[in-house]
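Asker: Okay, sequence plus prediction incoming.
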Amino acid sequence: MLIIFFIWFYLGVTFFNVGFAFRKLLGIKDLDTTLTLIFGMFAITLLASFWAVFDRINFEFQLLLLFLQLVVIGKYPMNLRQLYASLFHQVKEIHTILKVFFLLFFVMVLFQSSSSSIYIDNETYYIQTIKWLNEFGFVPGLANLHIFFGQTSGWHILQSAFSFSYFKDNCNDLNGFCLLLGIAFSVNSLHEYFKTENFWDLNLGLLPLAAVFLISISNVPSPDLAVIIFSMLLFYYFIKFCNEANSHALTILSLLALFVIFIKISALPIALIPILYFAFNSSKNQPKIVSSLLFGVVVFFLFVVKNTILTGYPLYPSSLLADYFSSDKSIPKVIYDFWWNKAKNYDFIVSQKEYFQLSSFEIFIKWVIHSWLTRFFAFTIFSILLVVPFFLKKIADKKSILILYGVMVLQLLYLIATTPQYRFILSFVVFFGLMVIAPILTKKNLIYFTLYVSFIASSYFILFPKPISQNHNQINFKPTTFTKTQSIIPQSNSNLNTQYSLNSKGNLDYFSPDENTYIWVTGNGKLPCVNSQQIDYIENKLGYIPQLKGKTLAEGFYSKKVK
């Protein structure tokens, strides 16, 4: 816990210093602390993405960040001193009850971040993705080894910059910092609400109510948490800028939207938010459209380069334009088609036979009623879709909310057509859910009471964690218990209870977990790590095996046809 505390302190200072420099580069004078930190994250993510094309993201990259900070501090010492003083003054003004709440939440998230996770995606590809970035950067054809590795997110790239693997490989603490950043902003929003009674300050101030769900992924580098937190801020500032003129509004909205999309391509429909803002305010945003388009081009370029190197599919997970970038390191089309069909079957909770026999509506119904969790989210989403139009009569910001509501509908349709998983629309569910609840919680004492209830509920899920997956019964996790050393050193990144063995297939020597481990799981095995069950399954089913392209891992992988 103590080590994570110091890491978070370092993250805060680094993101703030780099964010300040990024802000200077964009010419934005007035920017609150949270946006400064987020823009610092975005700038480092872009820089690390460029770096990973040519080299590993290791201590050399950390030296570059330290050098950049020294340059910024040396050039703008007074500006930074004033900003830090303003931040401390802002914290000092917040009511004691809110300070205590944040402190309790801080300790709770600190405890959670120092514990091992039982989140399945962490064991299938999060850990390994970050290890590959730390050791080699972007490896050509890496998805041929394990197709999950093709899903390398901007969030994993940022986490790899601060995993400090050259000291010890148990620092997956970026999500904990991100959750605290969201809670800190919500606490400050409540502080502002008590002074101005602005409804949207209250709406965002109630974000801790969603922590009951978010706390479970605060100790793994899941992109979903960052997407929810940053999307909430995007929605908040969109409504704010629709009501208040701001010369940098388009730039701020564009950067937030681009960061979210680079983190999770499934959030692509939110790109409409800055686009529609510009469309309705084009006369006063003409000078800013150039910088917004420039950053859009940069993010798109990095997205294409990353995907082309890792998979051979420039718009991965889409196969569009793949023929124009095809190489011997590209994922074979037969494997791509097989995997994404299997993924759709998995998402819809139907067998291969049922998928082709049932109608789209019947498949959708089976997906909705699969479990109590899917039923809960389905009920929540459709309730929001029905309630929000009636709720619009009670608020003044009808145009901005109608736009967000329309984007939510498009997001839902986009996910149903591509990757229909409820968590990919949670940012809208949280925002509109809080919007409906907020009018009930307008009294100060009631707000305080609700916040502390949310803290107790979140604490329960930490003390009694529940597996979040449909395949946890196939994974043998270690018991989650608190140890004395955990108060100083965080537990391992992986909670997988397995042993690894060295195996060979053609020219590939690889490490594999036990045979009774879930087929897609890799855990924290040495590089290269892939489950032998997966290799045998793909070989027998499709006739391909992963092979080294050269003599070293850095030269990449390709899929060799053997049958």
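Answerer: Great, that's in hand.

Asker: mind listing what's buried in the helix ranked longest in the chain?
Answerer: Longest helix of the chain, by residue count under DSSP state H: helix 282-310. If you call a residue buried by 16 or more other Cβ atoms under 10 Å, then helix 282-310 has these buried ones: 285, 288, 291-292, 295-296, 299, 302-310. In this view, the C-beta of every residue, glycine as well, is placed from N, C-alpha and C.

Asker: what do you get for stretch 239-250?
Answerer: Going by neighbour count (16+ other Cβ under 10 Å), the buried part of stretch 239-250 is 239, 240, 241, 242, 246, 248, 249, 250.

Asker: Among these, find the lowest-pLDDT one for me.
Answerer: Taking pLDDT as the measure, the buried residues of stretch 239-250 have their low point at residue 246 (74).

Asker: quick one: contacts for the residue lying closest to that one once chain neighbours are set aside?
Answerer: Using Cβ to Cβ, 6 or more residues apart in numbering and skipping residues adjacent in sequence, the residue nearest residue 246 is residue 252, 7.6 Å away. For residue 252, the contacting residues are 28, 31, 35, 237, 241, 246, by Cβ atoms under 8 Å, 6 or more residues apart in numbering.

Asker: The residues you listed in helices, which ones?
Answerer: Using DSSP H, these in helices are 35, 237, 241.

Asker: for the helix or strand hosting residue 38, which positions count as buried?
Answerer: Per DSSP states H and E: residue 38 is located in helix 33-54. When burial is assessed from 16+ other Cβ under 10 Å, helix 33-54 yields the following buried residues: 33-49, 51-52.

Asker: do stretch 89-109 as well
Answerer: Of the residues in stretch 89-109, 94, 98, 101, 102, 104, 105, 106, 108, 109 count as buried by neighbour count, 16+ other Cβ under 10 Å.

Asker: would the fourth one count as being in a helix?
Answerer: What that stands for is residue 102. Yes - counting by DSSP: H, G, I helix; E, B strand; the rest coil, one finds residue 102 located in a helix.

Asker: what sits against the closest residue in space to it that isn't next to it in sequence?
Answerer: Spatial nearest neighbour of residue 102, chain neighbours left out: residue 187 (5.1 Å); criterion: Cβ to Cβ, 6+ apart. The neighbours of residue 187, taking Cβ under 8 Å, 6+ apart as the test, are 94, 98, 101, 102, 205.

Asker: hmm, try it at 10 Å
Answerer: Taking Cβ atoms under 10 Å, 6 or more residues apart in numbering, we find residue 187 in contact with 91, 94, 95, 98, 99, 101, 102, 105, 205, 207, 208, 451.

Asker: Could you identify the helix or strand that succeeds the host helix or strand of it?
Answerer: Here residue 187 sits within helix 174-196, counting by DSSP H and E. Moving toward the C-terminus from helix 174-196, the next helix or strand (DSSP H and E) is helix 199-205.

Asker: Can you spell out which helices and strands pack onto that next one?
Answerer: helix 174-196, helix 223-243, helix 426-437, helix 444-463 (3 or more Cβ pairs under 10 Å, 6 or more residues apart in numbering; DSSP states H and E).

Asker: average pLDDT for the shortest one?
Answerer: Averaging pLDDT along helix 426-437 yields 92.

Asker: so that helix versus helix 223-243, what angle?
Answerer: With axes from the mean of the first three to the mean of the last three Cα atoms, to 10 degrees as the basis, helix 426-437 and helix 223-243 are set at 50 degrees to each other.

Asker: buried residues in helix 426-437?
Answerer: 426, 427, 428, 429, 430, 431, 432, 433, 434, 435.

Asker: hang on, isn't residue 49 packed against residue 155?
Answerer: No - counting by Cβ atoms under 10 Å, residue 49 stays clear of residue 155, with 11.4 Å between them.

Asker: So for the two, which residues contact both of them?
Answerer: Listed as contacting both residue 49 and residue 155 by Cβ under 10 Å, 6+ apart are residue 262.

Asker: thinking again about what came up before, can you tell me which of the buried residues of stretch 239-250 comes closest to residue 362?
Answerer: residue 239 (38.9 Å; Cβ to Cβ).

Asker: Give me the three-state assignment for residue 213.
Answerer: The three-state label given to residue 213 by three-state DSSP is helix.

Asker: That one: what's it in contact with?
Answerer: Applying Cβ under 10 Å, 6+ apart, the residues near residue 213 are 224, 225, 228, 423, 426, 429, 430, 458, 461, 468.

Asker: Now tabulate the residues you listed in a markdown table and tack on distance to residue 161.
Answerer: As requested, the contacts of residue 213 are exported to a markdown table (distance: Cβ to Cβ, whole Å):
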| residue | distance to residue 161 |
| --- | --- |
| 224 | 20 |
| 225 | 17 |
| 228 | 22 |
| 423 | 25 |
| 426 | 26 |
| 429 | 30 |
| 430 | 27 |
| 458 | 28 |
| 461 | 29 |
| 468 | 26 |
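
Asker: Among those, which one sits closest to residue 522?
Answerer: Among the contacts of residue 213, residue 468 lies closest to residue 522 (Cβ to Cβ), at 18.4 Å.

Asker: Please work out the average pLDDT along the helix holding residue 187.
Answerer: 94.

Asker: what's the answer for stretch 365-373, then?
Answerer: The pLDDT scores in stretch 365-373 average 68.
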